[in-house]
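S.K.: Structure for the following, please:
(2 chains)
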Amino acid sequence: MMIIAEKTFRVAGSQEKIWEFLTKALLRSIPFEQVEFTDERGFSALLRLKIGYLTLPTKVTVAISNMVEPETFAAKISLSGMGGIIQLDQVARFDVKGSDKAPTEVAAKLEAERMSPLLHTFLLWKVKSFARDFLNNVERLLKDWVL
Amino acid sequence: MPERLDMEADVVVAGYGAAGAAAAITAHDNGASVILLEKMPYPGGNAGVAGGNMTFPRNPDKFREYLKVLCFNTTEPELIDTFVQGLLKIPDWFGKMGAELRKFAVPSASCSMFIPDITFPEVPGGEDVTVYCVKESEVATSPCGGARMIQVLTGQVQRRGIKVLLSTPAKELIQNDKREIVGVKAQSGDNEISIKAHRGVILTCGGFENNPSLKRDNLAPKTMLFSGNPGNTGDGIKMIQKVGAATWHMSTHLARCGLKVPEYEATFSPDYLAPGFIWVDRHGKRFINEGHVDVHLFGEILAEFDNHRFEYSRIPFYAIFDEEVRRKGPVCWGVSGPNVIVHKYKWSSDNSEEIKKGWIFRAKSLSELAKKISVDESVLENTITTYNRNCKEGRDPEFNRPKDVLRPIEGPPYYGLELWPTIINTQGGPRRDNESRVLDPDGNPIPRLYAAGEFGSIWGFKYQTSTNIPEALVYGQIAGKNAAASEPVRS
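M.R.: Got it, this is the predicted structure:
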């Protein structure tokens, strides 16, 4: 497993409050379209990946793999597009550490389980920057909403 | 007694939903022969198209007291005690049938509706409740929790060889001169059939969600659609009135909002995965914080009657949303409800099909949208302008919509949905005791007549989320056990 992004940040809100917002922040931090819930623990969606001037429609599936309220949220996120040229299986994990008192620490990590050769060879920088943007967005939204 | 009896069994159960299945299984396991009647061509009742969740307490004593407060003296305390006692045995009961329960832990994705574990947190005693559903397995494959539970129960009914008559609605109870209920008349195709019940009849025939006349007589608001099983037309009400039963909880119901389209009887349930939406009343004005509504309490919000205009100004009301909401995902739920479970309707992922069908209004300007939904153009434009300004300032002084769902509506294009109050389920039916016996107006049991499920449930005032299904299972089991234990009727 390759770590593609990780970040730990503190938010001035209780653990319960952060948990309440966390999944909503995850869903809103990536510009998913056509989100279709397969059941209450997973969905598929369309993601228009922008690489330079190109926009690549990519299918995304998200399945919750571990959810221990209000401490741990982990989901497997798989991307596939361009007839298999884009293929990325990753696990996003968020550990929410805190008590009733603020601030709460959020440790976030994105690890790739499998990556297609094209992504790994030519676009790893893009995968990493996308992952960093995702975690930054989650942090920004949580901080904004908890205020 | 009818001249001709077509069938006979120890116990006849009318209604094959959660309560009916629990009653039939339990009666069979207590040595009775059982005939199970169902009006619809498929089993499941309302439970089969519902979320299928069940609330369990960590502290049963406190939970008992909490439920008593919620019932507000509409239900005898011993019925609640019996419910909680039975509730705690449900996981084992499912375990014996080869099914497991798991915690229902839905990630918060919706920008409007939510289903809280505890519906009335201010009432003491409700702390520490957890919502469970039937776990996915080889015998429970549906993505919908209610349908999974029905898969397990119907599998058990089948395994026991219980006789099931689908498309066979019970029409009338057969009562002898001792007031005992000794059978059921039912409709089978063009024929009326009479079925003798040696030990008892159990009515589990659901509510009256799809009976306009009963709804008009008993519920507010007066215009209510439904989102559950279309077969729930309150047939049992007439049956029990004819044999002298008392009714209770007739005005209690759960409602949310729904989209009605001509092609389907039941409504679709709206939801929004992006925050660019508001709700406006018939006059184009917002009326609530749209970002945080308990799905089960929606009916009360819409029931407000405007005495000056002499109208329900929120019926219908309209969801106004923007392109981001349209693209984010289906604006109606995809895993429960009869349109999805029974009719297999698949809402398009970008809402384009429903726009083509005219279910969703699309407009190039706010004034065009106002015309399409018949609200005053200037009021609607003013509502959106004010809301958008407040979003930019990061606050909603009108209704305190929280920041996580405070985003301007950006257009054109603009979209609209016409929404109505829609019943999830009613609670009214025959008054019963904690032995599931149906009572007459003097409080005396009508011999050999039992009822369970939402057909006269014990919930008579406020509703704690996810207690209807366990109540159906608990009192269904009690009815099945007691009917099976009755001495056979003397002919």
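
S.K.: Residue B:424: what's it in contact with?
M.R.: B:46, B:50, B:209, B:227-228, B:253-256, B:295-296 (Cβ atoms under 8 Å, 6 or more residues apart in numbering or on different chains). In short, each C-beta sits where N, CA and C put it, glycine included.

S.K.: which of those lies closest to residue B:439?
M.R.: Checking the contacts of residue B:424 against residue B:439 with Cβ to Cβ, the nearest one is residue B:253 at 21.4 Å.

S.K.: pLDDT score assigned to the residue nearest to the closest one when sequence neighbours are not counted?
M.R.: Spatially, and ignoring its direct neighbours in sequence, residue B:253 is nearest to residue B:426 (4.5 Å; Cβ to Cβ, 6 or more residues apart in numbering or on different chains). For residue B:426, the pLDDT comes out at 97.

S.K.: Residue B:426 is in contact with residue B:252, isn't it?
M.R.: Yes. Shown here, residue B:426 and residue B:252 form a contact pair, counting by Cβ atoms under 8 Å, at 7.2 Å.

S.K.: the more surrounded of those two?
M.R.: With neighbours defined as other Cβ atoms under 10 Å in any protein chain shown, residue B:426 and residue B:252 compare such that residue B:426 has more, 34 against 20.

S.K.: What spatial separation is found between the more buried one and residue B:453?
M.R.: For residue B:426, the distance to residue B:453 equals 11 Å [Cβ to Cβ, to the nearest Å].

S.K.: now residue B:376
M.R.: 45 Å.

S.K.: Also residue B:396?
M.R.: Counting by Cβ to Cβ - residue B:396 and residue B:453 are separated by 41 Å.

S.K.: Of the two, give the one with the bigger neighbour count.
M.R.: Using other Cβ under 10 Å as the criterion, residue B:396 and residue B:453 rank with residue B:453 on top: 35 against 20.

S.K.: Output the longest helix belonging to chain A.
M.R.: Assignment by DSSP state H gives helix A:124-146 as the longest helix of chain A.

S.K.: Same question for that helix: list its buried residues.
M.R.: A:127-128, A:130-131, A:134-135, A:137-139, A:141-142, A:145-146 (16 or more other Cβ atoms under 10 Å in any protein chain shown).

S.K.: leaving aside the residues next to it on the chain, what's closest to residue 30?
M.R.: Using chain A here. Spatial nearest neighbour of residue A:30, chain neighbours left out: residue A:134 (5.8 Å); criterion: Cβ to Cβ, 6+ apart.

S.K.: I was thinking of chain B, sorry if that wasn't clear
M.R.: In space, and not counting its chain neighbours, residue B:30 is closest to residue B:484: 3.7 Å by Cβ to Cβ, 6+ apart.

S.K.: Am I right that the one you found is in a helix?
M.R.: Yes. The assignment for residue B:484 by DSSP: H, G, I helix; E, B strand; the rest coil puts it in a helix.

S.K.: now it: how far from residue B:425?
M.R.: 27 Å.

S.K.: When these two are compared, which one has more neighbours?
M.R.: Ranked by neighbour count (other Cβ under 10 Å), residue B:484 and residue B:425 place residue B:425 first, with 29 against 22.

S.K.: Dihedrals phi and psi, that one?
M.R.: Per-residue torsions, residue B:425: phi -160, psi 160 (degrees, to the nearest 10).

S.K.: returning to that earlier point: per-residue pLDDT of the residue nearest to residue A:30, please?
M.R.: Residue A:134 is assigned a predicted lDDT (pLDDT) of 94.

S.K.: ok, now residue A:92?
M.R.: Looking at residue A:92, its pLDDT is 95.

S.K.: Let me know the secondary structure of it.
M.R.: strand.

S.K.: Enumerate every residue touching it.
M.R.: Contacts for residue A:92 (Cβ under 8 Å, 6+ apart) come out as A:26, A:74-75, A:77, A:108-110.

S.K.: go with 10 Å
M.R.: Neighbouring residues of residue A:92 by Cβ atoms under 10 Å, 6 or more residues apart in numbering or on different chains: A:4-5, A:26, A:62, A:65, A:73-77, A:108-111, A:131, A:134-135, A:138.

S.K.: Now the buried members of these.
M.R.: Buried among the contacts of residue A:92 by 16+ other Cβ under 10 Å: A:4-5, A:26, A:62, A:73, A:75-77, A:108-111, A:131, A:134-135, A:138.

S.K.: so of those residues, which ones are in strands?
M.R.: Under the assignment DSSP state E, the buried ones among the contacts of residue A:92 contribute A:4-5, A:62, A:73, A:75-77, A:108-111 to strands.

S.K.: Any regions of the chain where pLDDT drops low?
M.R.: You didn't pick a chain, so chain A it is. Chain A contains residues with pLDDT under 70 at A:99-101.

S.K.: should've been chain B
M.R.: In chain B (pLDDT under 70), the answer is B:1, B:106-108, B:491.

S.K.: Outline the domain layout of it.
M.R.: Structural domains assigned to chain B are B:7-252+B:427-485, B:255-423, following automatic domain parsing.

S.K.: Straight-line length of the last one, end to end?
M.R.: Going back to what we said before, that points to domain B:255-423. 4 Å (Cα to Cα, to the nearest Å).

S.K.: Mind checking if it is in reach of chain A?
M.R.: Yes. Against chain A, domain B:255-423 shows contacts by Cβ under 10 Å from any Cβ of the partner chain at B:271, B:273-275, B:324, B:326-330, B:333-336, B:346-352, B:394, B:402-407.

S.K.: Correct me if wrong: residue B:130 contacts residue B:57.
M.R.: Yes. Here residue B:130 reaches residue B:57: they are 8.0 Å apart, a contact under Cβ atoms under 10 Å.

S.K.: what about those two, which has more around it?
M.R.: Between residue B:130 and residue B:57, counting by other Cβ under 10 Å, residue B:57 is the more crowded of the two (21 against 16).

S.K.: Phi, psi for the nearest residue to the more buried one once chain neighbours are set aside please.
M.R.: Closest residue in space to residue B:57, ignoring its immediate chain neighbours: residue B:63 at 3.4 Å, by Cβ to Cβ, 6+ apart. Per-residue torsions, residue B:63: phi -60, psi -40 (degrees, to the nearest 10).

S.K.: what's around residue B:253, how many residues?
M.R.: When neighbours are defined as other Cβ under 10 Å, residue B:253 has 26 of them.

S.K.: correct me, but it touches residue B:425?
M.R.: Yes. Between residue B:253 and residue B:425 there is a contact under Cβ under 10 Å: 6.7 Å.

S.K.: which element is residue B:240 on?
M.R.: According to DSSP states H and E, residue B:240 maps onto helix B:235-242.

S.K.: residues of that helix that come out buried?
M.R.: Buried-residue list, helix B:235-242, by 16+ other Cβ under 10 Å: B:235-237, B:239-240.
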